[in-house]
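> based on what follows, work out the 3D shape:
(2 chains)
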Amino acid sequence: MTETAADTTRTGDDVPTALEAAVTTTDHLRIGRAWIASGVLFLVASLVAGLLVSLERMDLSGMAVFGDADSLFRFWSAYRVGIVLLAVVPVVIGLATAVAPLQVGASSVVFPRAAAFGFWVWALGAAITVAGFLIDGGLGTPGGTSRTDAVALTLLGLLMVIGGICCATVCILTTIVVGRTAGMTLSRVPLFVWSVLVAGSIWLVTLPVLAANAVLIYVDLASRSAVAFGAEDTIWEQLSWAFSHPQVYAFALPLVGIAGDIVPVAARRRHGSHQALLVLTALLGVLSFGAYAQAAFDVGTPIREQAIFVVEAFLVVPLVLLVLFGLVDTLWRGAGSRRTRMPAPLYLSVLSVLFLLAGTVLGALRAVAPLDLLERSTTGAQFTFTIGAALLAAMAGTLWWGDLIVGRVAPQGFGLASALAVAVGVELVAVSDMISGFMGLADFTGGDLSGAGYPGSGVNVLNTVAFVGSVHLLIGALGWLVTGVVRFKGARSLGDTWGGHTLEWTTETVEVTSESPLLDAAVEVGA
Amino acid sequence: MSSLTFAPAVPNRPRTLVIGSALATSGVLMFFGGLFALYFARRADAMAWGMEWFPEGAIRLPPGGMNMATMALSAITMMWAVYSVINDDRIHAYLAMTITAVMGVAMLNQTVFYFNDIALPIDHSEATTFLYVIVGAHMAMVLVGVLWLGLLLLRALGGQDTSRNRDLVSAAALYWYAAVAVYMVIWLGIYITK
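Sure, this is the predicted structure:
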């Protein structure tokens, strides 16, 4: 009996150039690297937008940076959209494309061409979205001063981004469902795989709803006179549900899996109850479904004042606490072992769960009507904590599986320092926004702070602290980028870096040339 | 002395294409779900305020009903195509796929004719924006289905759609049934309740 895999060898003139190889590749590791690298680059761009907004908020009286409130709003919304759909989600998809197939014992992602197609659609859409924001488009403005054609371009880019993400997600989910090796039941899959399955399912049922909103706005905007959805001062209102509680948890959900895979290997102990963590992750996924929480559904009582929104906000908190308890329990039991290792990704993954907890607590507080925090800057604080948590986990994931994905080692110390800069940045931005929110600062403030009723309240000082946090975030992201570049120059990885003997380090990767890689890699019976 | 040797049983092939198509189709359904949810919410709001939704007489039942009948029949012919492929009945498979695709094209043609006939401006009201977005998106969905059926026909002519290799047909059928289901909601929500 001999095992055969798809022929991937080329000789002579058939050898593709580096560009051809990058564009036409069906190697899931290469596609994963492309997602991660692009995501980090767009993260830097998003954080630059965030930094400029923070700089402007330090002194809104003169509008020294943007000149007017509408331009400020464009960058403010670009930061939120960019950091979620152009940075965090792509990096998670990259990790999942590269690692999840190997974790379930598959040699590649299924539909590799579709996976590559998803990436290129997303990349083109991301570039169009950024261009739309830069040419006075974006997702509308309070004053309605955007260029209509540029807003339409931004919406088109957003649709392509959603299409690319959904296409890649379908490939990953199909791999998890049909590509598992014998004996790998869904109850035995690694937590990262499970969290991607849950989060991907939520993305697949919510992002098309966001696309539906965007199509409706696009058509209305492009018709002769917008009648309801394409009015520029309401566009963000119709799309903002995807970037706030509870939907924002769906984007952060894979962090539970990243932490859940790192902790037991580092602690040299199995989780007390793997099944319990699977159930908790699934429940978190169900509670993060946010497509119903749209302003467009505000007929009668606003959605965000209805019982389902409030109950959901409170239920998430104990679930995250239980996840944290499960991880700490594993670490605690492993602490007695002399072999316990404390690698950099461990600190980051546990920290990411703590940040998620902070985000969910703020989400619960926002749902308390008497506190009146729904439209305050606590919304931004919750967003920063939650997406910052996902960002930290993604950094932990790239440090943890980077040797596998790239095949070379990276300086862990530098990676840890970069991630800690991000953690400090998240902390400073989120805490200052949270306090400002309790003091009454609106989520988006485009006017003079002193004229808006905050004289001498200390909000300006807090905004200065937030600016310092934004600087930390940008430095951390640049550090992450440098870590990745340095990794490509590093020494070759010897495999199973962390000694966990987990499946992803032993499964052989096959670059396939067919649409059915798992079938092509099947065993051929010979003489 | 000779001995018989048997090759190990071929493991069950995972229905990769069907699972992938089901996931993708669920995304498409959620897209329409989002549109319908908005449509019904805004319509209920308008009705509650006593406002006109569609202009009087603009939406007529017969064209919508004819399209619904066409789509319903195409679902049956699609089932026939799957059944024929399962039974390696190539002639009937060709016939069923062709009829299904022609019905899809007929539905597109009827819709284009009807909307040209009523000539309702897209920016007349919120309702007309919804009408064109929902119906237009569904037409795009049907067009993709027709193209998919064309691909299936070519593969069938090449002998590639067989009972052992029918996943692409099953996947296309799943997608087509979803297109029919979406039209059913359009028929009920737009043409009947107006």
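> neighbours around A:A369, how many?
For A:A369, the neighbour count with other CB atoms under 10 Å in any protein chain shown is 11. (Glycine included, C-beta is placed from N, CA and C.)
> how close does the residue lying closest to A:R180 once chain neighbours are set aside get to A:L204?
Closest residue to A:R180 apart from its sequence neighbours, by CB to CB, 6 or more residues apart in numbering or on different chains: A:V104 at 4.4 Å. Counting by CB to CB, to the nearest Å, the gap from A:V104 to A:L204 is 18 Å.
> who has more neighbours out of the two?
Comparing A:V104 with A:L204 by neighbour count (other CB under 10 Å), the higher total belongs to A:V104, at 24 against 19.
> residues contacting the more buried one?
A:175-176, A:179-181, A:184, A:189-190, A:193, A:503 (CB atoms under 8 Å, 6 or more residues apart in numbering or on different chains).
> among these, who's most crowded?
Busiest of these [other CB under 10 Å] is A:T175, holding 32 neighbours.
> element containing that one, please.
helix A:148-178 (DSSP states H and E).
> near chain A, which residues of chain B show up?
B:7-8, B:11, B:13-16, B:19-20, B:23-24, B:26-28, B:30-35, B:37-38, B:41-42, B:44-45, B:48, B:121-126, B:129-130, B:132-133, B:136-137 (CB under 8 Å from any CB of the partner chain).
> drop anything exposed from these.
Neighbour counting by 16 or more other CB atoms under 10 Å in any protein chain shown classes B:14-16, B:19-20, B:23-24, B:26-28, B:30-35, B:37-38, B:42, B:45, B:122-126, B:129-130, B:132-133, B:137 among the residues of chain B next to chain A as buried.
> make JSON lines out of the contacts of A:V104 and add pLDDT.
Conversion of those to JSON lines gives the following (pLDDT from 0 to 100):
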{"residue": "A:T175", "pLDDT": "95"}
{"residue": "A:I176", "pLDDT": "95"}
{"residue": "A:G179", "pLDDT": "89"}
{"residue": "A:R180", "pLDDT": "91"}
{"residue": "A:T181", "pLDDT": "88"}
{"residue": "A:M184", "pLDDT": "90"}
{"residue": "A:V189", "pLDDT": "94"}
{"residue": "A:P190", "pLDDT": "95"}
{"residue": "A:V193", "pLDDT": "97"}
{"residue": "A:L503", "pLDDT": "88"}
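> for those residues, which one is nearest chain B?
Proximity of the contacts of A:V104 to chain B (CB to the nearest CB) peaks at A:G179, which lies at 7.3 Å.
> so what's the nearest residue to the closest one once chain neighbours are set aside up against?
In this structure, A:G179 finds its nearest non-sequential neighbour in A:A106, 3.5 Å apart by CB to CB, 6+ apart. Shown in contact with A:A106 (CB under 8 Å, 6+ apart): A:175, A:179-181, A:507, A:518.
> re earlier: so what secondary structure elements neighbour the next helix or strand after the helix holding A:T175?
The element immediately downstream of helix A:148-178 (helix or strand, assigned by DSSP H and E) is helix A:191-222. Secondary-structure packing of helix A:191-222 (3 or more CB pairs under 8 Å, 6 or more residues apart in numbering or on different chains; DSSP states H and E): helix A:89-103, helix A:148-178, helix A:235-239, helix A:247-252, helix A:254-267, helix A:274-287, helix B:16-48, helix B:126-157.
> would you mind giving these as TSV with distance to A:R30 added?
Shown next, in TSV, are the helices and strands packed on helix A:191-222 (distance: least, CB to CB, whole Å):
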stretch	distance to A:R30
helix A:89-103	9
helix A:148-178	14
helix A:235-239	33
helix A:247-252	24
helix A:254-267	21
helix A:274-287	29
helix B:16-48	21
helix B:126-157	28
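> A:L47 is nearest to which of these?
helix A:89-103 (13.5 Å; CB to CB).
> okay, A:L153 and A:D136: tell me how far apart.
Counting by CB to CB - A:L153 and A:D136 are separated by 10 Å.
> more neighbours, the two?
A:L153 (20 against 16).
> for A:G272, helix, strand, or coil?
Per DSSP: H, G, I helix; E, B strand; the rest coil, the local secondary structure of A:G272 is coil.
> which helix or strand contains the residue nearest to it when sequence neighbours are not counted?
In space, A:G272 comes closest to A:D329 once its chain neighbours are excluded; the distance is 5.2 Å by CB to CB, 6+ apart. According to DSSP H and E, A:D329 maps onto helix A:307-335.
> quick one: contacts for residue 127?
Using chain A. Per CB under 8 Å, 6+ apart, neighbours of A:A127: A:G157.
> chain B is the one I meant
Counting by CB under 8 Å, 6+ apart, B:A127 has contacts B:43, B:46, B:53-54.
> number of nearby residues for residue 66?
Using chain A. Neighbours around A:F66, by other CB under 10 Å: 19.
> my question was about chain B
14.
> just checking, it touches B:F113?
No - with contact defined as CB atoms under 8 Å, B:M66 does not count as touching B:F113 (10.6 Å).
> what separation do you get for the residue nearest the centre of chain A and B:A173?
Geometric centre of chain A, nearest residue: A:V88, 2.6 Å, by CA atoms, centre = their mean. A:V88 sits 37 Å away from B:A173, going by CB to CB.
> before we move on, what about A:V422?
Where B:A173 is concerned, A:V422 sits at a distance of 48 Å (CB to CB).
> now do A:D70
50 Å.
> more neighbours: which of those two?
Between A:D70 and B:A173, B:A173 has the larger neighbour count (other CB under 10 Å), namely 25 against 20.
> pLDDT weak spots in the chain?
Reading this off chain A. A:1-14, A:299-300, A:336-341, A:446-457, A:510-527 (pLDDT under 70).
> please go with chain B instead
Using pLDDT under 70, chain B drops low at B:1-13.
> in it, which residue is closest to the centre?
B:A179 (2.2 Å).
> residues in the stretch 51-200 of chain A within reach of chain B, list them.
So far as CB under 8 Å from any CB goes, the stretch 51-200 of chain A lies against chain B at A:110-111, A:114, A:166-167, A:169-171, A:173-174, A:177-179.
> repeat the analysis, applying 7 Å as the threshold.
Contacts of the stretch 51-200 of chain A with chain B, taken as CB under 7 Å from any CB of the partner chain, map to A:110-111, A:166, A:170, A:173-174, A:177-178.
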